[in-house]
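Q: Pasting a predicted model and its sequence here:
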Amino acid sequence: MTKEAEIEKELITKLAGLKYSHRDDIRDRETLERNFREKFESLNRVKLTDSEFERLLEEIVTPDVFATAERLRNWNTFEREDGTPLHYQLVNLKDWCKNTFEVVSQLRMNTRSSHHRYDVILLINGLPLVQIELKSLQVSPRRAMQQIIDYRNDPGNGYGNSLLCFMQLFIVSNRSQTWYFANNNNEHFSFNVEERFLPIYRWATRENKKVEHLSEFAERFLAKCSLAEMISRYMVLIQNERKLMMMRPYQVYAVKAIVDCIHENRGNGYIWHTTGSGKTLTSFKASTLLKDNPDIEKCLFVVDRKDLDKQTRDEFNRFQPGCVEENTNTETLVRRLLSEDYKDKVIVTTIQKLGLALDGTNKRQYRERLEPLRDKRVVFIFDECHRSQFGENHKAIKEFFPKAQLFGFTGTPIFEQNASYQRVEGQKASLVTTRDIFEKELHAYTITHAIDDGNVLRFHVDYFKPDGAPVKPGETLAKRAVVEAILDKHDAATNQRKFNALFATGSIDDAIAYFDLFQQIQAERAAANPDFAPLQIACVFSPPAEGNRDVAQLQEDLPQELADNRIEPNRKKEALARIIADYNARYGTNHDLANFDSYYQDIQQRIKDQKYPNADLPREKKIDITIVVDMLLTGFDSAYLNTLYVDKNLKYHGLIQAFSRTNRVLNDSKPYGNILDFRAQKDAVDEAIALFSGEAADRAREVWLVDPAPKVIEKLAEATRKFEDFMRSQGVEPRPEDVSNLKGDEARAGFIERFKEVKRLATQLDQYTDLDDAAKAKIEALIPRDDLRAFSAQYLEVAKRLQERQRKTDDPDDPIQQLEFEFVLFDSALIDYDYIMKLIARFTSQPPARQKMTREELMGLLASSARLMDEREDLEAYVATLAEGEALSEDEIRAGYARFKAAREEAELARIAEKHELPLDALKDFVAGILRFNIFYPEKLTELFRPKGLGWKARSRAELALMEDLIPLLRRKAGGQQISGLEVYEDA
């Protein structure tokens, strides 16, 4: 008996103990459908004819995962044979716990081209909603996810043409480690050079202790009502992205804590969930569950800034379009508070609008009009409840709504150490903490937990030392020295501008001075060096309010900017108008001071749109650095922001909030959040880490901060030694040119695994901004940059071959099955198509004696970039045809390459047509038909071969042989986009 079979047997026994019915009679498609029919008819109290049931299956079976998820959770309508409508549900929607729960194993989908077995599947009311894949080998979560998605995408596996299309959840376990993730449509899983996919989770206890062993996981997660609750209540369907999102364990516990507290009317409470942990999703789910609570009159989600009002409303509406309407002013808010319409039960508003609504002196008499709500149960959920909620507005809410329950979300609670707001009672003044306001902590998930779980990144903090001399704490450096340092370090810090940065300055005057200085110094560098590529600098700070209520509201949470704008307001206004004019000229926009909010929103969106490749958004349309004072340092999220430059005194929650702008997870090209501090604030950082580490204060620094450069260099030395030892153990020297002499897939797999670790550490060190010359020399000695580039080219070549093999084998013992090809490590924001076109143009424009880059170096650069993998052969062949000194412009190079590539593809197509004895025009039409919509239609392939009059066996062999030759060409012509329906031939 294999280990997998043992694990399967144990799991089924465990599930039987949890009162699942073990259906060992359900082994194939027919018995699965028969069982579903019985459950469907029983639940809906109906008897279907055979033809009605067949038609029902046709209606509900679809490859669209999101459509089936919606159908599963809603009442649906089906027209019966006599024309009457049948309103039906697929599961008991009112009480999911009252559905039937069954377990099947080794299900074989053996009809209509489905032919694979599945380890364990859980049925709820006869529908296969959870698939459990059991692994005997150590397999990484990412690879496990990829294997399941690849497997699911095989047209022979039944996920698109059988009841398996209802699969909601995948679970992977090797007994000692267990993970789960939501099913989704293919666009949400990308394992290529972009490497973006939805997260894979481990379950945890309420105290954030991991639940990894399959037996304990089953006990806690797969118990019938627990699983029903996870699928029905704690999966979120994001409508506008057509995406299923699974809530993380700590989000589930937080929602339950709030809902239970309200259900039992146990007063107020707060949730300490770290910045970046998905507080908006948690609060959305809590709000929607409260929406159906008849005891609650209203649920208000309260934010403390106008831009967060919009951001939160947009996030809520992302989860469910139209679920939250805009409160354009206080009058609208009051009307919605008094409305009895169901859609107005959940309201997103700012604390400032709420304060105006409760202001008894307002001439619109808002407070008097709200009197009918005074004795109703109203729930308030406060986002980032650490500043304005501590003032008069908070007091007014409590006085006006005596039956209200108040809940706060914060990533940085106010403790006595970081409290600043004082409450005066009689002769006594005391500092007010989060606990004072919200009574009790309902759930905690600190940044230490989040970093441990990989939900946010660690930080690399570089305390800048000009010329190696330490800066005294709080000392202000000359601005020119700061700008020069940023220009010197920015490319390294941001992975060659793949990411962007914020620059936090101490005042509006500083921000203006820095903006002007960047322009001046960059102009000087460009004049001295024609190869210098200037950074795109933006700057944003609030203007003087001057009666503008929106700006005044915004500034209530921007203390430095509010104070600064009281001094020489006209000069500040003129400077901001000049900065906006520069922005308009650079980006082709039309913003002005009167519509400051649109300028601010544009900057935020441009920071978020940093994503590569440049084809999505040209480099000149991106922002490299945004200079700020208070803005964007709290509440703003972008996975493409990785660096914070600091010339501003920060402490406690302000410091953590600012640092946390940089640590959103993306992929291996972003290993940590980068902080470059120009004010020697190490003590302030240490104090903040100690304060917000939660129960793990003793190891907080170790968890929060990346290893110092010398330690990572030691790791690189060890990884390099292992890599070189491995190469020699295979009888070859550790040189790039000898990789091709490795014998067998096992040796090539060993090369992939070991060199990938070298590349990962080198990528991490590339982004350290505090490497001195000695450290750089040590890294170069360990793995010279030219060797790194050459080995990277070999990695891409070998990985491409092994990936092809991996697609074609199901043998779990094959050494290549567990390989992860993390192409994102080999992606360069610098070496993209546009950059290569410029280089080639430069190469042809200079005679050999003046060349900065030889033809061989150019070829090496092409070979080392994962983004150019599919273009590599064509580009190399094109470069080989060009002569030095020919002086072609970039436009001529692009046009010439387009002609060259078209001619090569034409020649390749002609060769394939001749080899397979097919008319060239017919083959061209066939290829054009596939690429028109990136969809492969098997019947078109049948038509292509029909004139040859082959029997089905001979035709099948001929089709396979043609597709084997055609797929590489189709992939190149598709430009990296997936061609639907081609998987069956890619895996053949």
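A: In hand now; what should we look at? Numbering: from 1, shown residues only.

Q: could you show me where the strands are in the stretch 251-400 of the chain, in order?
A: 269-273, 298-303, 346-350, 378-382 (DSSP state E, counting those that start in this stretch).

Q: Convert the first one to PDB, retaining C-alpha atoms only.
A: This points to strand 269-273. Presented in PDB, the C-alpha positions along strand 269-273 are these (Å, rounded to 0.1, in the frame of the first residue of the first chain):
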ATOM      1  CA  GLY A 269     -14.700  46.100  20.800                       C
ATOM      2  CA  TYR A 270     -11.800  46.500  18.500                       C
ATOM      3  CA  ILE A 271     -10.000  44.300  16.000                       C
ATOM      4  CA  TRP A 272      -6.200  44.700  15.800                       C
ATOM      5  CA  HIS A 273      -5.300  43.500  12.300                       C
END
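
Q: neighbouring strands for that strand, and are they parallel or not?
A: strand 405-410 (parallel), strand 441-445 (parallel) (DSSP bridges).

Q: Just want the angle from that strand to strand 378-382.
A: Calculated by axes from the mean of the first three to the mean of the last three Cα atoms, to 10 degrees, strand 269-273 forms an angle of 30 degrees with strand 378-382.

Q: Then the second one?
A: Here the directions of strand 298-303 and strand 378-382 differ by 20 degrees (the same axes, to 10 degrees).

Q: Same question for the third one.
A: On the basis of the same axes, to 10 degrees, strand 346-350 is oriented at 50 degrees to strand 378-382.

Q: Remind me what strand 346-350 packs against, helices and strands.
A: Counting contacts by 3 or more Cβ pairs under 8 Å, 6 or more residues apart in numbering; DSSP states H and E, strand 346-350 packs against helix 279-291, strand 298-303, helix 306-319, helix 330-338. Quick note: C-beta positions are derived from backbone N, CA and C, even for glycine.

Q: let's see 10 Å
A: Applying 3 or more Cβ pairs under 10 Å, 6 or more residues apart in numbering; DSSP states H and E, we find strand 346-350 packed against helix 279-291, strand 298-303, helix 306-319, helix 330-338, helix 351-357, strand 378-382.

Q: how about JSON lines for these, with mean pLDDT, mean neighbour count and distance to V65 added?
A: Output for the helices and strands packed on strand 346-350, formatted as JSON lines (pLDDT from 0 to 100; neighbours: other Cβ atoms under 10 Å; distance: least, Cβ to Cβ, whole Å):
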{"stretch": "helix 279-291", "mean pLDDT": "82", "mean neighbour count": "22", "distance to V65": "19"}
{"stretch": "strand 298-303", "mean pLDDT": "85", "mean neighbour count": "25", "distance to V65": "29"}
{"stretch": "helix 306-319", "mean pLDDT": "62", "mean neighbour count": "20", "distance to V65": "17"}
{"stretch": "helix 330-338", "mean pLDDT": "88", "mean neighbour count": "18", "distance to V65": "35"}
{"stretch": "helix 351-357", "mean pLDDT": "80", "mean neighbour count": "23", "distance to V65": "39"}
{"stretch": "strand 378-382", "mean pLDDT": "90", "mean neighbour count": "24", "distance to V65": "31"}
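
Q: Of all the ones you listed, which one comes closest to G654?
A: helix 306-319 (16.2 Å; Cβ to Cβ).

Q: quick one: V303 from N548, how far?
A: 19 Å (Cβ to Cβ, to the nearest Å).

Q: oh sorry, the question was meant for G506
A: Distance, G506 to N548, by Cβ to Cβ: 25 Å.

Q: now I816
A: I816 sits 63 Å away from N548, going by Cβ to Cβ.

Q: now swap in A538 and tell me
A: Taken as Cβ to Cβ, the span from A538 to N548 is 22 Å.

Q: surely F166 meets L57?
A: No. With contact defined as Cβ atoms under 10 Å, F166 does not count as touching L57 (11.5 Å).

Q: Comparing these two, which residue is more hemmed in?
A: More crowded of F166 and L57, by other Cβ atoms under 10 Å: F166, with 25 against 14.

Q: avg pLDDT for the helix or strand hosting E804?
A: With secondary structure defined by DSSP states H and E, E804 is part of helix 785-807. Throughout helix 785-807, pLDDT has a mean value of 82.

Q: Okay, buried residues for that helix please.
A: 788-796, 798-799, 802-803, 806 (16 or more other Cβ atoms under 10 Å).

Q: any idea how far it is from the chain center?
A: Distance of helix 785-807 from the chain centroid (Cα atoms, centre = their mean, to the nearest Å) equals 26 Å.

Q: Now do the contacts for D738.
A: Contacts for D738 (Cβ atoms under 10 Å, 6 or more residues apart in numbering) come out as 727, 730-732, 794.

Q: actually N76, not the one I typed
A: 56, 59-60, 70, 86-90.

Q: Which pair in these has the greatest spatial separation?
A: Taking Cβ to Cβ, no two of the contacts of N76 sit farther apart than E70 and L86, at 18.2 Å.

Q: ok, Q604 touching F636?
A: Yes. Counting by Cβ under 10 Å, F636 is a contact partner of Q604 at 6.5 Å.

Q: counting residues per helix, which one in the chain is longest?
A: In the chain, assigned by DSSP state H, the helix with the most residues is helix 890-915.

Q: Any chance of the backbone angles for the residue nearest the centre of the chain?
A: With distances taken as Cα atoms, centre = their mean, L666 lies nearest the centre of the chain, 5.5 Å away. Here is the backbone geometry of L666 (degrees, to the nearest 10): phi -130, psi -80.

Q: what stretches of the stretch 151-300 of the chain score poorly on pLDDT?
A: 155-156, 191-198 (pLDDT under 70).

Q: quick revisit: out of the contacts of D738, which are buried?
A: Neighbour counting by 16+ other Cβ under 10 Å classes 727, 730, 732, 794 among the contacts of D738 as buried.

Q: Quick check: helices, which of those residues are part of them?
A: Among the buried ones among the contacts of D738, the members falling in helices (DSSP H) are 727, 794.

Q: which of the buried ones among the contacts of D738 has the weakest pLDDT?
A: Among these, Q794 has the lowest pLDDT, at 85.

Q: returning to what we had before: kindly indicate the member of the contacts of N76 with the most neighbours.
A: Neighbour max across the contacts of N76 (other Cβ under 10 Å) = L90, 25 neighbours.

Q: Provide a list of residues in contact with the closest residue to D453 other than its chain neighbours.
A: Spatial nearest neighbour of D453, excluding adjacent residues (Cβ to Cβ, 6 or more residues apart in numbering): R202 at 7.6 Å. Going by Cβ under 10 Å, 6+ apart, R202 touches 141, 177-180, 210-212, 217, 248-249, 453-454.

Q: L761 too?
A: 671, 712-720, 779, 782-783.

Q: Flag the least confident of those.
A: Out of the contacts of L761, that is P671, at 89.

Q: Hmm, it is touching R760, no?
A: Yes. Counting by Cβ under 10 Å, P671 touches R760, with 7.9 Å between them.

Q: So which of these two has more stuff around it?
A: Remark: of P671 and R760, P671 carries more neighbours, 23 against 17, as counted by other Cβ under 10 Å.
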